[in-house]
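Undergrad: Requesting a structural model of the entry that follows:
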Amino acid sequence: MDQAFLQVTYRRGRALAAYYYLPRPEGARSVRTAEVEPGLLVDYDGNGTPLGIEIADPRAVTLDAMNRVFASLGLPAIPPEEIAPLSAA
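TA: Coordinates of the predicted model:
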């Protein structure tokens with residue numbers, strides 16, 4: 001997977017769960033998960049490469065919190081439109 005993307009699951013028009021997929025080698029599998037911000041968990045492969053961010057409470061996540069996670073992973077900040085679907089419903 002070459003590009004990052006956000007997947008949101010809705011129930012009754014409200015965001016129920018979300019996962020922000022990070023670029024990863026094909027076939028990469030998560031072997032470890034760590035909570036790096038309240039409600040934001042990062043999945044890592046066996047080499048310690050971050051694979052994605054689980055968003056436990058999509059309606060409560062903020063852009064600042066997401067960008068703190070990105071900074072802790074050495075990734076560039078994301079623009080507001082990247083997480084806009086979390087509050088769209």
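Undergrad: drop to CA atoms for contacts and neighbour counts, all remaining ones
TA: Fine.
Undergrad: most remote residue from this structure's center?
TA: For the chain, the largest distance from the centre (Cα atoms, centre = their mean) belongs to Arg12, which lies 22.0 Å off.
Undergrad: Could you tell me the per-residue confidence at that residue?
TA: The pLDDT attached to Arg12 in the predicted structure is 89.
Undergrad: just the strands in the chain please.
TA: For the chain, strands defined by DSSP state E occupy the ranges 5-11, 14-21, 32-37, 40-44, 50-55.
Undergrad: Please work out which residues outside the second one touch it.
TA: Under the criterion Cα atoms under 8 Å, 6 or more residues apart in numbering, residues 4-10, 51-59, 86-87, 89 lie in contact with strand 14-21.
Undergrad: where does Ala89 land on pLDDT?
TA: Among the per-residue scores, Ala89 holds a pLDDT of 54.
Undergrad: How many residues are close by Ala34?
TA: For Ala34, the count of nearby residues is 12 (other Cα atoms under 10 Å).
Undergrad: Now Glu35. Nearest residue, chain neighbours left out?
TA: Setting aside the residues directly before and after it, Glu35 is nearest to Leu41 in space (Cα to Cα, 6 or more residues apart in numbering), at 4.1 Å.
Undergrad: The one you found: neighbour count?
TA: For Leu41, the count of nearby residues is 18 (other Cα under 10 Å).
Undergrad: Now do the contacts for it.
TA: Leu41 sits next to Thr33, Ala34, Glu35, Ile53, Glu54, Ile55, Ala56 when contact means Cα under 8 Å, 6+ apart.
Undergrad: Bridge partners for the fourth one, pull those for me.
TA: Pointing back at Ile53 there. For Ile53, the residues forming beta bridges with it (DSSP bridges) are Tyr20, Val42.
Undergrad: Out of the contacts of Leu41, flag the one nearest to Asn67.
TA: Ile53 (11.5 Å; Cα to Cα).
Undergrad: how near is the closest one to Thr33?
TA: Distance, Ile53 to Thr33, using Cα to Cα, to the nearest Å: 9 Å.
Undergrad: Next: Leu41.
TA: Plainly put, Leu41 is 6 Å away from Thr33 if you go by Cα to Cα.
Undergrad: Then Pro80?
TA: Distance from Pro80 to Thr33, counting by Cα to Cα: 25 Å.
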